[in-house]
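Participant: generate a structure from the sequence data that follows.
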Amino acid sequence: MKSAIQYATTVNEMITKSAESIIEIGMTFHDAKRSLSKEEYKIFVSNIKYSKNSSSIRKWESIGEKALRLRNVVDRLPLTWTTIYKIAVMNADDFETLVKSKVLNPDVTSAQIDELLAIKLLTSKKYASITLKFDSQVDAFTFYQNWKDLNAKSSVNCFTVIENTEAKQLLEFAEAQQTLKIAA
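Facilitator: Predicted coordinates for the structure are as follows:
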């Protein structure tokens, strides 16, 4: 009679073999795409269980293309090939985040991966930035009004307005003009 540990070992080995099989299927698609002529590849596709226009074929090829990095974590991969595809196509930085996290395991879902990466994005020290370039013909008053509007909106602390030298000069000029109008 097997012990609980022996049963667990058997199941864990099967899980790993299943993930390895998913990678092998992907490698087969990838190798076929690279090795066969277009005509032979069409014959290959027509003899498998996917329609020739299925997006699944492209996804399998992507898994095969990233087989090396997937094999490095095969014991932690989920059993769903679509989630493995998601892992295969993520950029290197996101992949590293996932690998370093405790999230990557055989039960991980696509939604859990999305949640991890969303948290990473929100806690990232990198800031998104947008540069506004005003037309050189913009008058000082229009520039000043836009600048005031942006600053008013920045009070919710979702962005900061940083002026360059030219912007500061326009603002100083506009403020001086405003002061002159009020004094008059």
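Participant: rest of the way, CA atoms for contacts and neighbours
Facilitator: Will do.
Participant: could you list the domains of this structure?
Facilitator: 4-123, 140-183 (automatic domain parsing).
Participant: mind putting those into a markdown table with distance to T131, mean pLDDT and mean neighbour count?
Facilitator: Listed next are these as a markdown table, based on distance: least, Cα to Cα, whole Å; pLDDT from 0 to 100; neighbours: other Cα atoms under 10 Å:
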| stretch | distance to T131 | mean pLDDT | mean neighbour count |
| --- | --- | --- | --- |
| domain 4-123 | 21 | 91 | 16 |
| domain 140-183 | 10 | 71 | 13 |
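Participant: between those, which gets nearest to K133?
Facilitator: Of all those, domain 140-183 sits nearest to K133, with 9.9 Å by Cα to Cα.
Participant: give the next helix or strand downstream of the biggest helix by length in the chain.
Facilitator: Ranked by residue count and defined by DSSP state H, the top helix of the chain is helix 4-35. Sequence order places helix 38-46 as the next helix or strand after helix 4-35, per DSSP states H and E.
Participant: now that following helix - C-alpha only, CSV.
Facilitator: Below are the C-alpha coordinates for helix 38-46, written out as CSV (Å, rounded to 0.1, in the frame of the first residue of the first chain):
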residue,chain,number,x,y,z
LYS,A,38,4.1,26.8,-46.1
GLU,A,39,2.3,24.1,-48.0
GLU,A,40,3.5,21.4,-45.6
TYR,A,41,2.6,23.5,-42.6
LYS,A,42,-1.0,23.8,-44.0
ILE,A,43,-1.1,20.0,-44.2
PHE,A,44,0.2,19.8,-40.6
VAL,A,45,-2.5,22.2,-39.4
SER,A,46,-5.3,20.4,-41.3
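Participant: list the contacts of that helix.
Facilitator: With contact meaning Cα atoms under 8 Å, 6 or more residues apart in numbering, helix 38-46 is reached by 32-33, 51-52.
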